[in-house]
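Structure of the sequence below:
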Amino acid sequence: MHRKAYNAEGAVSVGPYSHAVESGDLVYLSGQTPIDSKTGNLVEGDITVQTEQSFRNLFNVLNSAGLTPDDVIKVNVFLTDMGNFQAMNSVYAKQFSSPYPARTTIGVKELPLEAQVEIEMIARRS
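Residues are numbered from 1 along each chain as shown. Here you go, the predicted structure:
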């Protein structure tokens, strides 16, 4: 099977994977942690800062695939502390317009590089 993959300059991979892979009219975006693509390091700051950076990375990937946040149909959010849910949700609400994508938020023990959040998306090409 041939994979049509996308990699964005404004996102970082910490393993052997593509930033996104297209299958039919769906584009599956790999999870993005709050890594600053300029430094290659995890951004310093609280869950708000980390969530904002994760979305910046994801939207760079969307852009590289010729898509926008309006094309996102499903989001999965992974948090290392569910006590951060409200702060993450405040940032999340500003990223999309209504009707919002479907979403799942999952509490996990840990994430790569000690990130507090990782977010992945599925988008649909119009």
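
Residue 67 contacts residue 27, doesn't it?
Yes: between residue 67 and residue 27 there is a contact under CB atoms under 8 Å: 6.3 Å. Placement of C-beta: from N, CA and C, glycine included.

and for the two, which residues touch both?
Counting by CB atoms under 8 Å, 6 or more residues apart in numbering, the residues touching both residue 67 and residue 27 are 123, 125.

where do the strands sit along the chain?
Counting by DSSP state E, the chain has strands at residues 4-6, 20-23, 26-32, 72-79, 102-107, 117-124.

For the last one, list every residue counted as buried.
For strand 117-124, the buried set under the neighbour-count rule, 16 or more other CB atoms under 10 Å, comprises 117, 118, 119, 120, 121, 122, 123.

Can you list the strands that it pairs with?
strand 26-32 (antiparallel), strand 72-79 (antiparallel) (DSSP bridges).
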